[in-house]
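In: Got a predicted structure plus its sequence, pasted below:
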Amino acid sequence: MRFRSRAMLVLVLVLPLFACAPRSELSGQVFIVTKGGQNFKLGLVTVRGISFEKMKPYTIRLEEGADIRQKRIIGLKARFDASNDLEEKRQLVVESGKLSLIFSNKEELGEYLLTDLPPADVTVKTDADGHFTMVLPHRGRFVLAAQASREAGGTTERYYWLIWVSLESARQDIMLSNDNLVGMGSEDAFIKWKVEP
């Protein structure tokens, strides 16, 4: 009985130390600047914070998918080179183009990367001015994931962000803008693929 009481006392005193890891605020803003220099603040955008640990299996799946796609493209090229049939060659070019498209179009790449992300540790929405604040553990790396759209000149523009953040660094104010969209190859990009327009 005495042992149980001591064990419970230790649990009551020690457990909160592990559960209460230091946390810090991360603030940011989501906006787009047009070619004409006009700012559009994006409100009601869902911004997700996902821990490095949760992103590991996702990253492995991405790498495996890229390897499979690359091998398939190489196989299609070999079949193209070996074929004398113009119709078959045309079909091989179309099929190879579809496999390559995901890496040559920012919107397609963004859609692909933000599909099937692990569950977020923290989810917030931007206010009317595109501002957001989230509380994350002070230690470790996180991915911020967000997607937004807006109507412009009769078309819908889509924007995707997937960037690394850490509250251990001095920078705790994040801008999600043109500079770090998926496909821009920014320093903080989750995957530094640069896709030319």
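Out: Alright, I've got the coordinates.
In: quick one: low-confidence parts of this structure?
Out: Under the criterion of pLDDT under 70, the regions of the chain flagged as low confidence span 1-23, 66-67, 97-105, 169-171, 196-197.
In: So for the longest helix anywhere in it, what gets flagged as buried?
Out: Among the elements of the chain assigned as helix by DSSP state H, the one spanning the most residues is helix 52-82. When burial is assessed from 16 or more other C-beta atoms under 10 Å, helix 52-82 yields the following buried residues: M55, Y58, L62, L76, F80. Heads up, the C-betas are built off the backbone N, CA and C, glycines and all.
In: starting at the chain centroid, how far to that helix?
Out: On the basis of C-alpha atoms, centre = their mean, to the nearest Å, helix 52-82 is displaced by 18 Å from the centre of the chain it belongs to.
In: what do you get for stretch 131-149?
Out: On the basis of C-alpha atoms, centre = their mean, the separation between the geometric centre of stretch 131-149 and that of its chain is 10 Å.
In: in the chain, which residue is closest to the centre?
Out: To find the centre residue of the chain, average its C-alpha atoms and take the closest one (C-alpha atoms, centre = their mean): that gives L162, at 2.5 Å.
In: hmm, back to that, kindly reformat the buried residues of helix 52-82 as TSV containing distance to F40.
Out: Formatted as TSV, the entries for these read as follows, by distance: C-beta to C-beta, whole Å:
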residue	distance to F40
M55	29
Y58	30
L62	30
L76	40
F80	44
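In: residue boundaries of the helices in the chain?
Out: Here the chain has its helices, by DSSP H, at 2-19, 52-82, 86-101, 106-114.
In: hang on, the earlier thing: which other helices and strands does the longest helix of the chain contact?
Out: The helices and strands touching helix 52-82, judged by 3 or more C-beta pairs under 8 Å, 6 or more residues apart in numbering; DSSP states H and E, are helix 86-101, strand 141-152.
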